[in-house]
Every structure is written in structure tokens, then in C-alpha cells.
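# Give the three-dimensional model of this entry:
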Amino acid sequence: MDDLWLKYTESLVRDVLTSRNITLKPEVLANKLKSKGDFVSTLAEMESAIRLAQQGFAVTLEPMAPEKGPDIRADLKGVPYFVLPGANLTEKHHAIMQKADLIARFDHLGKQQQGTPASLLQPRKNPPEPVKDDERLRNILEQKRGQLPKGERGIIALEVSEMFMLSEFSIESALYGDLVIRFQRVAGPHEPVGPVEQSRNNRGFLLHTSRVSAVVIQNRQVQDGEVKNRWRVYPTNRADADTIRLGLAELRLFGDVEDRDHLSAENAPAIAIERNKSRN
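Numbers count the residues shown, from 1 in each chain. Below is the predicted model of the structure:
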């Protein structure tokens with residue numbers, strides 16, 4: 001009963017079942033918690049539901065059950081938002097393990113150690129191989145987006161705490177496209193390089209879907225014996241007429257927008273986005 005994750009799960013279940021802003025079928029939640037394959041994604045679903053309820057949303061879990069669809073419908077001031085939290089990474093993990101050069105296993109010894117002695121020697125790959133974690137993320141999002149309804153405010157909230165090697169650079173590459181850097185041509189080998197221009201190519205996930213207004217990246221960490229979550233919002237940069245762009249106030253309801261506020265509906269004029277797309 002002293003297990004941190006047991007206490008944390010029980011607190012989430014209690015908050016979900018007692019919140020006046022959350023509607024659900026308890027038996028559906030119970031079955032998902034009993035399933036090993038759904039447990040982690042169900043934690044993310046409850047965390048998202050509780051956070052949205054605290055923001056004032058009227059939350060419905062599994063709104064299209066028994067049909068497949070978004071995990072959450074969240075209504076605020078008569079406007080519906082459809083949210084798809086979590087992702088089952090089990091198959092991805094197994095695929096990675098099968099291709100891995102090294103797999104480490106850690107056994108709990110019943111007490112805290114000062115360190116973990118380990119050593120590893122392996123040949124360096126030549127030429128070096130690129131890290132493809134942005135492609136993993138893009139593939140997961142592609143598999144999920146079909147569950148969101150068309151013509152609605154669609155949000156994918158992805159809990160990535162178990163996705164190792166996932167950096168901010170890779171997240172932005174997956175969502176907005178690969179970073180392209182251009183240098184002006186110089187007259188000779190001894191001439192200084194001209195101004196550098198940065199842009200994104202058209203491989204970003206968000207450019208190719210009208211169903212997703214934003215992607216929310218969730219990180220779950222244990223700090224000082226408590227489970228804490230952080231949500232970061234990545235708005236769509238798609239300018240097509242069928243894309244529903246969210247305003248800054250809407251985006252902030254789902255997490256931290258940080259320096260991406262220029263992509264909100266009121267701060268990203270379509271003409272500027274079209275200019276940026278043509279340049280890419």
C-alpha cells in the first residue's frame with residue numbers, strides 16, 4: 001500500500017469518479033485499468049480529464065463508445081473539443097528492443113545505492129547513423145489522427161515519458177518538418193559565409209492533417225516523492241481553409257504554449273503562413 005504508483009492511480013480514480021465536471025461509465029474505466037496494455041495510456045486519459053475539468057470543461061470520457069473514436073469530449077462555453085490522450089508504445093518498444101545493440105536490465109535491490117556500476121564497449125558505427133526518434137513520433141501520430149472527427153477541434157495529447165531519446169528538436173521536426181539551413185554562396189574558399197536562413201520543409205505531421213488543431217506533449221515525472229505532469233502545446237501551422245486554428249486563450253487551456261504563441265489563430269495571419277509554406 002506504500003507503492004507510489006498505486007497511491008497515485010487511486011487518487012486519479014477518486015478525482016475522476018467524484019468530479020462534477022466528468023461523465024463516464026465506471027465499468028469501462030475499471031476494465032481499462034485491469035488491462036496491462038491500456039494501463040499507462042489510461043493514466044494519461046485520467047490526468048487529461050482531471051486537468052480539463054479543473055479548467056472548467058465539461059468532460060465526457062469515451063464519448064463515442066462502443067464505437068472507436070476520441071478518448072475525451074471536452075465542452076467549454078458551448079464549444080466542443082475532442083481529445084485523444086496517450087499512446088500504446090508497447091509494440092514500438094518491442095520493435096526497438098529487437099533491433100537494439102544493447103539491452104540493460106535493472107533489478108530492485110530493496111535499498112537505494114550510491115550508484116550503478118556499469119561498463120560498455122562497442123564499436124562506433126561509421127558512417128554515423130541518424131537518430132530517427134522524430135519518425136517514430138510522426139508514425140504514432142499518423143496512426144492516431146483517424147480517431148478524431150473531421151471538422152472539429154481535435155487535440156492529440158501524447159504522454160511521452162517512456163519514449164527515450166525524444167528531444168525538443170525531434171518533436172519540432174516531427175510536427176513542423178525538418179530544419180533546413182541555407183547559406184548564401186560565397187565568391188571563394190576564403191570569403192566569409194553569408195547570412196544564414198532557417199526554415200522547415202513540408203514533412204511535418206501537422207501540415208498534412210486538418211483533424212488536429214494542436215498536439216499536446218505530456219511528460220510525467222516523479223519529484224520529491226510526488227508524481228508531477230507537464231503539458232506543452234504545439235499548435236498547427238497548417239493554413240488551409242479546412243483547418244481549425246485555436247486562439248491563444250484556447251491553447252493555454254491545454255498546457256504551456258511557450259514561444260509558440262505566434263501560431264495561435266489571432267497571431268498567425270494566413271498570408272504569413274502561406275508565404276512561409278511557399279518558401280519551404
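# Now for residue 25, how many residues are close by?
By the measure other C-beta atoms under 10 Å, the count of residues near residue 25 is 11. Quick note: C-beta positions are derived from backbone N, CA and C, even for glycine.
# tell me the contacts of it?
With contacts defined as C-beta atoms under 8 Å, 6 or more residues apart in numbering, residue 25 is in contact with 61-62, 65.
# could I get those as JSON lines with distance to residue 114, pLDDT and neighbour count?
What follows is those, written out as JSON lines (distance: C-beta to C-beta, whole Å; pLDDT from 0 to 100; neighbours: other C-beta atoms under 10 Å):
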{"residue": "61", "distance to residue 114": "44", "pLDDT": "95", "neighbour count": "23"}
{"residue": "62", "distance to residue 114": "46", "pLDDT": "91", "neighbour count": "20"}
{"residue": "65", "distance to residue 114": "50", "pLDDT": "81", "neighbour count": "13"}
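# Among those, which lie within strands?
If you go by DSSP state E, the contacts of residue 25 have residue 61 in strands.
# you'd agree residue 227 is up against residue 161?
No: using C-beta atoms under 8 Å, residue 227 makes no contact with residue 161, being 10.2 Å away.
# what do these two both touch?
220-221.
# Please enumerate the strands of the stretch 1-150 of the chain.
22-23, 58-61, 72-76, 79-85 (DSSP state E, counting those that start in this stretch).
# Note down every partner strand of the shortest one and its orientation.
Translated: strand 22-23. strand 58-61 (parallel) (DSSP bridges).
# Now the strand it pairs with - C-alpha only, CSV.
Extracted C-alpha coordinates of strand 58-61, given in CSV (Å, rounded to 0.1, in the frame of the first residue of the first chain):
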residue,chain,number,x,y,z
ALA,A,58,-17.5,19.6,-19.1
VAL,A,59,-15.7,16.3,-19.8
THR,A,60,-17.1,13.1,-21.2
LEU,A,61,-14.8,10.0,-21.3
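# Contacts for it next, please.
Strand 58-61 is contacted from outside by 16, 19, 21-25, 28-29, 45, 49, 52-53, 71-76, using C-beta under 8 Å, 6+ apart.
# Also stretch 9-19?
Residues outside stretch 9-19 that contact it (C-beta under 8 Å, 6+ apart) are 22, 24, 26, 29, 33, 43, 46-47, 49-50, 53, 59, 61.
# same question, stretch 199-213
The contact list for stretch 199-213 (C-beta under 8 Å, 6+ apart) reads 138, 141-142, 145-146, 148-150, 152-156, 173-180, 182, 215, 234-238, 240, 242-246, 276-277, 279-280.
# Restrict that stretch to CA atoms and write it as PDB.
Presented in PDB, the C-alpha positions along stretch 199-213 are these (Å, rounded to 0.1, in the frame of the first residue of the first chain):
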ATOM      1  CA  SER A 199      13.100  27.200 -42.500                       C
ATOM      2  CA  ARG A 200      11.200  24.000 -42.300                       C
ATOM      3  CA  ASN A 201      10.400  21.500 -45.100                       C
ATOM      4  CA  ASN A 202       7.000  20.000 -45.700                       C
ATOM      5  CA  ARG A 203       7.500  16.700 -43.800                       C
ATOM      6  CA  GLY A 204       5.800  18.000 -40.700                       C
ATOM      7  CA  PHE A 205       2.800  16.000 -39.400                       C
ATOM      8  CA  LEU A 206       0.600  19.000 -38.800                       C
ATOM      9  CA  LEU A 207       0.900  20.200 -42.400                       C
ATOM     10  CA  HIS A 208      -0.800  17.100 -43.600                       C
ATOM     11  CA  THR A 209      -3.900  16.900 -41.500                       C
ATOM     12  CA  SER A 210      -7.000  19.100 -40.900                       C
ATOM     13  CA  ARG A 211      -8.200  17.000 -38.000                       C
ATOM     14  CA  VAL A 212      -5.500  18.100 -35.500                       C
ATOM     15  CA  SER A 213      -5.700  21.700 -34.200                       C
END
